[in-house]
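Enquirer: Here's my sequence, what's the structure:
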Amino acid sequence: MSDLDISIDLQKFIDKFEPTKFKIMAHGIEIRGVKDIHHNVLRANGLIEKLKLSLAVNHNAEMLSYGGFEVNDIKIRH
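Expert: All right, here's what the predicted structure looks like:
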């Protein structure tokens, strides 16, 4: 598995969440251009919990400036 392969859980998340703009990163994706960060972070967390995915949402003030947040794998890859 290369660093930019998408895990099964992450692919399930992308298919259900349907982000319009996202960037694939080594450990997940960064979703960008989100208008309502609070609503979308809650929605992402709810979807992760409902589907029992091994993912975590991460966001900070810098990401807020461009309407972004990350969804990362929490499983350790080998």
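
Enquirer: Looking at the chain, which helix is longest?
Expert: helix 37-51 (DSSP state H).

Enquirer: Which other helices and strands does that one contact?
Expert: helix 8-17, strand 55-58, strand 69-73 (3 or more CB pairs under 8 Å, 6 or more residues apart in numbering; DSSP states H and E). The way it works is simple: take the backbone N, C-alpha and C, and place the C-beta from them, glycine included.

Enquirer: Run the chain-centre distance for stretch 58-75.
Expert: 8 Å (CA atoms, centre = their mean, to the nearest Å).

Enquirer: That stretch - what's its average pLDDT?
Expert: Per-residue pLDDT over stretch 58-75 has a mean of 92.

Enquirer: How far off centre is the longest helix of the chain?
Expert: The mean C-alpha position of helix 37-51 is separated from the chain mean by 9 Å, CA atoms, centre = their mean.

Enquirer: do the same with stretch 29-40
Expert: With CA atoms, centre = their mean, you get 9 Å for stretch 29-40.

Enquirer: and that stretch, which residues are buried?
Expert: 29-31, 34, 40 (16 or more other CB atoms under 10 Å).

Enquirer: Span of that stretch from start to end?
Expert: By CA to CA, to the nearest Å, the extent of stretch 29-40 from end to end equals 14 Å.
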